[in-house]
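Novice: missing the sequence, but the structure's below:
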């Protein structure tokens with residue numbers, strides 16, 4: 001069994017890809033940006049919208065727009081949420097649409113929340129506009145137009161009613 005789990009883990013790692021998350025700095029106001037288990041951890045629904053443009057008056061600077069809504073469902077046991085992030089960096093543009101689900105379990109005086117995130121990304125990049133040193137590099141020979149990429153995530157979050165860290 002141990003060999004089977006090791007083989008599955010190594011196979012999964014070989015097919016995973018890293019990603020660039022949207023460039024935002026207001027994580028304390030929107031926990032689902034970092035952890036889907038934060039959905040519904042407050043006793044009220046919240047909605048937020050954020051706009052960030054870094055390094056004004058320069059071409060290709062990182063620009064990010066973010067809209068989210070999240071809150072409790074069925075009392076304190078379930079948290080739901082959703083978000084849309086539009087991120088432009090240089091020649092690349094990515095739009096993410098995500099849904100969040102969290103289950104909150106009472107543990108002593110606090111709560112342990114287990115969360116899932118699922119969604120899709122729409123990615124495009126104008127690679128042919130870049131200046132490259134190796135003109136024969138096939139990676140930069142064609143633009144990426146409207147590639148759809150699935151996203152998934154999971155997280156754990158422990159919090160107290162009057163204190164979060």
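Specialist: Received, thanks. Computed from a predicted model, the values in this text were never measured in an experiment.

Novice: dump the residue contacts of residue 148.
Specialist: 120-123 (C-beta atoms under 8 Å, 6 or more residues apart in numbering). The way it works is simple: take the backbone N, C-alpha and C, and place the C-beta from them, glycine included.

Novice: Reduced to three states, what does residue 44 come out as?
Specialist: What DSSP: H, G, I helix; E, B strand; the rest coil gives for residue 44 is coil.

Novice: sorry, back to before: next, format the contacts of residue 148 as TSV and append distance to residue 34 and neighbour count.
Specialist: Shown next, in TSV, are the contacts of residue 148 (distance: C-beta to C-beta, whole Å; neighbours: other C-beta atoms under 10 Å):
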residue	distance to residue 34	neighbour count
120	19	13
121	17	17
122	22	14
123	21	19
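
Novice: Which of those sits closest to residue 33?
Specialist: Residue 33 lies nearest to residue 121 out of those, by C-beta to C-beta, at 15.1 Å.

Novice: Dig out what the closest one forms beta bridges with.
Specialist: On the basis of DSSP bridges, residue 121 takes part in beta bridges with residue 96, residue 149.

Novice: That one is in contact with residue 149, isn't it?
Specialist: Yes: counting by C-beta atoms under 8 Å, residue 121 touches residue 149, with 4.3 Å between them.

Novice: continuing past the helix or strand of the chain with the lowest mean pLDDT, what's the next helix or strand?
Specialist: Within the chain, no helix or strand scores below helix 2-14, which has a mean of 66 by mean pLDDT, DSSP states H and E. Downstream of helix 2-14, the first helix or strand assigned by DSSP states H and E is strand 46-53.

Novice: and that next one, average pLDDT?
Specialist: Here strand 46-53 scores 89 as its mean pLDDT.

Novice: Return the set of buried residues in it.
Specialist: Within strand 46-53, the residues scored as buried using 16 or more other C-beta atoms under 10 Å are residue 50.
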